[in-house]
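**Student:** need the 3D shape of this:
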Amino acid sequence: MHKNLGATVALYPTPVTIVGTEIDNRVNWINIAHIGIVGVDKMLISMNKVHYSNEGIKQNKTLSINIISEEMLIEADYVGMVSGARVNKEKVFRYFTGELKGAPLIENAPICMECEVVDNYETKTHDNFIVKPINTYVKQEVLNEKGQIDYTKVKPVLFEMPNRQYLSVGEVIGRCWKEGEKYKK
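**Tutor:** Numbering: from 1, shown residues only. The predicted structure follows:
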């Protein structure tokens, strides 16, 4: 028997990302797990309008999305707990710059994406930045033999909202577009 929980967003868990931006020539980081894929070429980063990082994203029209590994959890949680308006978070992560101004990339992150902001779907409380990845930087050790990202090697941290927990990725349980071949009509 199912229990009705009302109008609950139940699409968790989602990957934890660290969004990087620059505000007045200073790097700032924020932990954002309210993300999504829009088609096959764009992503959505949903950020409460009170966040300091939004200012830099709007100024530069760029940001970085850094997928973290389990080893980065303490720092990642910290940058989501404090505001860049009051605390300088620039040195929490060692970073490098790619081709886009205003989109710092985390050195230790297994996957980093430089993104351009193509739109902002504003609601009363949130900026929902629609972004297009321009460059994706991936650590060699998380690539498989075909040169594709192997998320079992990345071990991304997942965020689960109802219980406010971080989770790890489990084991591979099947192959997409192969398991359905076993269906018997």
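**Student:** in contact with Val131, which residues?
**Tutor:** Contact analysis of Val131 by CB atoms under 8 Å, 6 or more residues apart in numbering lists Lys42, Met43, Leu44, Ile45, Leu63, Ile65, Cys115, Glu116, Val117, Val118. Every residue, glycine included, has its C-beta placed from N, CA and C.
**Student:** Lys91: which of those residues is nearest?
**Tutor:** Leu63 (19.0 Å; CB to CB).
**Student:** residues in contact with that closest one?
**Tutor:** 19-21, 45, 53, 56-57, 102-103, 115, 117, 129, 131.
**Student:** give me the element it is part of.
**Tutor:** strand 62-67 (DSSP states H and E).
**Student:** just checking: what are the partner strands of that strand?
**Tutor:** strand 17-23 (antiparallel), strand 111-122 (antiparallel) (DSSP bridges).
**Student:** what sits up against the helix or strand following the first one?
**Tutor:** It stands for strand 17-23. From strand 17-23 onward toward the C-terminus, using DSSP H and E, the following helix or strand is strand 26-32. By CB under 8 Å, 6+ apart, the surrounding residues in contact with strand 26-32 are 16-22, 45-47, 51-53, 56, 76-77, 79-80, 84, 88-90, 92-93, 95, 104, 106.
**Student:** phi and psi next, for Val92.
**Tutor:** The phi and psi values for Val92, taken as degrees, to the nearest 10, are phi -60, psi -40.
**Student:** ok, it to Gly6 distance?
**Tutor:** From Val92 across to Gly6, the span is 37 Å (CB to CB, to the nearest Å).
**Student:** compare neighbour counts for the two and give me the winner.
**Tutor:** Applying other CB atoms under 10 Å to Val92 and Gly6 shows that Val92 carries more neighbours, namely 20 against 4.
**Student:** quick check, the more buried one in contact with Gly80.
**Tutor:** No - contact criterion CB atoms under 8 Å: Val92 and Gly80 do not qualify, at 10.9 Å.
**Student:** thinking again about what came up before, buried only: go through the contacts of Leu63 for me.
**Tutor:** 19-21, 45, 53, 56-57, 102-103, 115, 117, 129, 131 (16 or more other CB atoms under 10 Å).
**Student:** which among those gets closest to Tyr166?
**Tutor:** Distances from Tyr166 to the buried ones among the contacts of Leu63, taken by CB to CB, are shortest for Val19, at 17.0 Å.
**Student:** is that closest one in a bridge, and if so with what?
**Tutor:** Here Val19, judged by DSSP bridges, has bridge partners Ile30, Ile65.
**Student:** which residues touch it?
**Tutor:** Here Val19 is in contact with Trp29, Ile30, Asn31, Ile32, Ile45, Met47, Ser53, Ile57, Leu63, Ser64, Ile65, Asn66 (CB under 8 Å, 6+ apart).
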